[in-house]
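1. Make a model of this:
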Amino acid sequence: MPHDAWPRRSDPGRSGQRGMLLGDGPDSAEILDVIRTDAIVKAGEGCDPANAGTAPPAAGSPPPFGTLPPCPSPLRHPLRALGWLLTLFTGLTSLLLILAILAAIPILNLLALGTMLEAEGRVVLSGRLRDGVPFAGALPRLGAIVVGTWLWMLVVRLVTQAAADASLIDPGGPTARAWNAARLVTAIVVGLHLLAAYSAGGSLLAFFRPFRNARLLLAAIRSGTAWQSSAAALEQVVDAIQPVRLFSLGLRGYLGAFLWLVAPTLLLSALRDTTKPGGVLLALLGGILLTVVLSWVPFLQARFAAQQRMAVFGEVGAVRDLWGRAPIEMLLALAILYGLALPLYLFKIVAAPRDAVLFLTPIFILTIYPARLAVAWATHRAAVRQARQTLLIRWPVTAILMPLLLFYVFLLFFTPAIDALGRRALFDHHALLLPTPF
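-> Numbering: from 1, shown residues only. Have a look, this model is predicted:
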């Protein structure tokens, strides 16, 4: 199958090929042929919708923005390989930092979910965990911009707080007036400095070289290229990251999983009085239904991340087929996903102030992100396996899975007793919905 034959995500024909890829096709040889396609296994090409269906870059030309080039040979180029690993690690760290910040902001936390789904979809397609760091080539610079901006905004915040304290101690006095003037000057100077740092490239070092940045910005203004170069750089970043698409992906991924989870969770939360048999029966029914739903929703969401079709959330049969191919891998992925999700409820015993949420979201991201990649890896493993496992393997693994999920739902039932949000905690489902403590 040639590289150019792989259609774009918007092609209707691609859904059929992707459905075949993810385990519901009749021919395993075709599945393996699709998996081996360069459009899948090369990060930034087949896995990136911006580059899907396009020819690879010409020899000697720089890779597309945000694309991490292949790792150099450690034996032939050890220093280059070390630099590649450092870039990947820095990109992953920057990604986690950016996701933690986005997860702390209502509405924008859907962008964080969309980014994790994008990473999950890439791993489903390629089977390589390193593809779970989207835009790895651009993330170090984006992370530097986030860190540099946060540090300088912290300066503004400290001066603002000092001015507020001075106004409380000596309202209208000379000290309060001086601090108010300092607050205004600091805000203006820091704003200009950040603008110059962005114009100078946005590296972490650029945020600590104000005079050089000012000279570069003034030179660009005099030459008349300041606006054009800044607009071109911003357009390049937006085209590579596609934040609107990621937000849409997060919103649709949230809705697809929520629609599966809401009914059994409502039944589970119906118990108000243990002396009433009706409420007890509804709660038991909800727990059983939730146990079943939790066994396939992670893989429905992983297939959606790869195909990006809402109809995928209704293809339960495809997940059952995947389970028949790789039950052990999928059991391991579910154990990781829900095992890491349970401790997150302990961080919600006390409702965190809005200012403290940013200190909690990194824990949620660090916990949920690798678990999602494990689900994606298991989905890929099931897709490329040619034959279904025997009943001697499938049945014992299923017999292990269901009690584990029942125990998870049993513990989930009692989370309202320790969660500051009460019964709403049952509907959070951090492993599948928003990676945020509120």
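2. Can you give me the distance of residue 122 to residue 332?
-> Distance, residue 122 to residue 332, using Cβ to Cβ, to the nearest Å: 20 Å. Backbone N, C-alpha and C define where each C-beta goes, glycine included.
3. If you count surrounding residues, which of the two has more?
-> Taking residue 122 and residue 332 together and counting by other Cβ atoms under 10 Å, residue 122 has the greater number of neighbours (27 against 17).
4. isn't that one right up against residue 132?
-> Yes. The pair formed by residue 122 and residue 132 meets the contact definition of Cβ atoms under 8 Å, at 6.3 Å.
5. what residues do these two have in common as contacts?
-> Here residue 122 and residue 132 have residue 376 as joint contacts, going by Cβ atoms under 8 Å, 6 or more residues apart in numbering.
6. what's the helix or strand for residue 259?
-> In this structure, residue 259 is located in helix 243-268 according to DSSP states H and E.
7. What mean pLDDT does that helix get?
-> Averaged over helix 243-268, pLDDT sits at 94.
8. Following element in sequence after that helix, please.
-> Next helix or strand after helix 243-268 toward the C-terminus (DSSP H and E): helix 277-307.
9. for that following helix, packing partners?
-> Of the remaining helices and strands, those touching helix 277-307 by 3 or more Cβ pairs under 8 Å, 6 or more residues apart in numbering; DSSP states H and E are helix 12-19, helix 109-126, helix 243-268, helix 316-325, helix 327-341, helix 357-384, helix 391-413.
10. let's see 6 Å
-> The helices and strands touching helix 277-307, judged by 3 or more Cβ pairs under 6 Å, 6 or more residues apart in numbering; DSSP states H and E, are helix 109-126, helix 243-268, helix 316-325, helix 357-384, helix 391-413.
11. buried stuff in that helix?
-> Of the residues in helix 277-307, 282-283, 286-291, 293-307 count as buried by neighbour count, 16 or more other Cβ atoms under 10 Å.
12. Okay, residue 181 and residue 188: tell me how far apart.
-> The spacing between residue 181 and residue 188, counted by Cβ to Cβ, is 11 Å.
13. I meant to write residue 206 there.
-> Between residue 206 and residue 188 the distance, using Cβ to Cβ, works out to 19 Å.
14. For these two, indicate the residue with more neighbours.
-> More neighbours surround residue 206 than the other of residue 206 and residue 188, with 21 against 11 (other Cβ under 10 Å).
15. so of the helices and strands packed on helix 277-307, which one's packed in deepest?
-> Each of these was given a mean neighbour count from mean count of other Cβ atoms under 10 Å, and the largest, a mean of 26, is that of helix 109-126.
16. Check which helices and strands the helix or strand that that helix is followed by sits against.
-> The element immediately downstream of helix 109-126 (helix or strand, assigned by DSSP H and E) is helix 139-169. Where contact means 3+ Cβ pairs under 6 Å, 6+ apart, helix 139-169 is packed against helix 78-103, helix 174-199.
17. right, and residue 388 touches residue 324 too?
-> Yes. With the criterion set as Cβ atoms under 6 Å, residue 388 and residue 324 qualify as a contacting pair; they are 4.1 Å apart.
18. Where in this structure is the helix or strand with the lowest mean pLDDT?
-> Taking mean pLDDT, DSSP states H and E as the measure, the helices and strands of the chain show their lowest mean at helix 38-41, namely a mean of 35.
19. most centrally placed residue in this protein?
-> Centroid-nearest residue in the chain, with Cα atoms, centre = their mean: residue 116, separated by 2.0 Å.
20. And that residue, how close does it get to residue 155?
-> From residue 116 over to residue 155 the distance is 32 Å, taken as Cβ to Cβ.
21. where are the low-confidence patches of this protein?
-> Per-residue confidence for the chain (pLDDT under 70) gives these ranges: 1-68, 137, 354-355.
22. mind giving me the domain split of it?
-> According to automatic domain parsing, the chain comprises the domains 3-81, 98-133+242-427, 139-241.
23. any chance of the ones you listed in TSV, with distance to residue 436 too?
-> Listed next are the domains of the chain as TSV, based on distance: least, Cβ to Cβ, whole Å:
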stretch	distance to residue 436
domain 3-81	25
domain 98-133+242-427	5
domain 139-241	18
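24. picking that back up, which among the helices and strands packed on helix 277-307 is found nearest to residue 341?
-> helix 357-384 (7.0 Å; Cβ to Cβ).
25. Quick one: distance of that closest one to the chain centre.
-> Between the centre of helix 357-384 and the centre of its host chain there is 8 Å, according to Cα atoms, centre = their mean, to the nearest Å.
26. Report all helices and strands that that helix contacts.
-> Using 3+ Cβ pairs under 6 Å, 6+ apart: helix 357-384 touches helix 78-103, helix 109-126, helix 277-307, helix 327-341.
27. possible to save those helices as CSV with distance to residue 169?
-> What follows is the helices and strands packed on helix 357-384, written out as CSV (distance: least, Cβ to Cβ, whole Å):
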stretch, distance to residue 169
helix 78-103, 33
helix 109-126, 38
helix 277-307, 54
helix 327-341, 47
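28. Nearest to residue 213, out of the ones you listed?
-> The closest of the helices and strands packed on helix 357-384 to residue 213 is helix 78-103. By Cβ to Cβ, the value is 21.0 Å.
29. Enumerate the positions of the closest one that are buried.
-> Buried positions in helix 78-103, judged by neighbour count with 16+ other Cβ under 10 Å: 84, 87-88, 90-92, 94-103.
30. From the chain's centroid, how far away is it?
-> Using Cα atoms, centre = their mean, we find the averaged C-alpha position of helix 78-103 to lie 14 Å away from the chain's own average C-alpha position.
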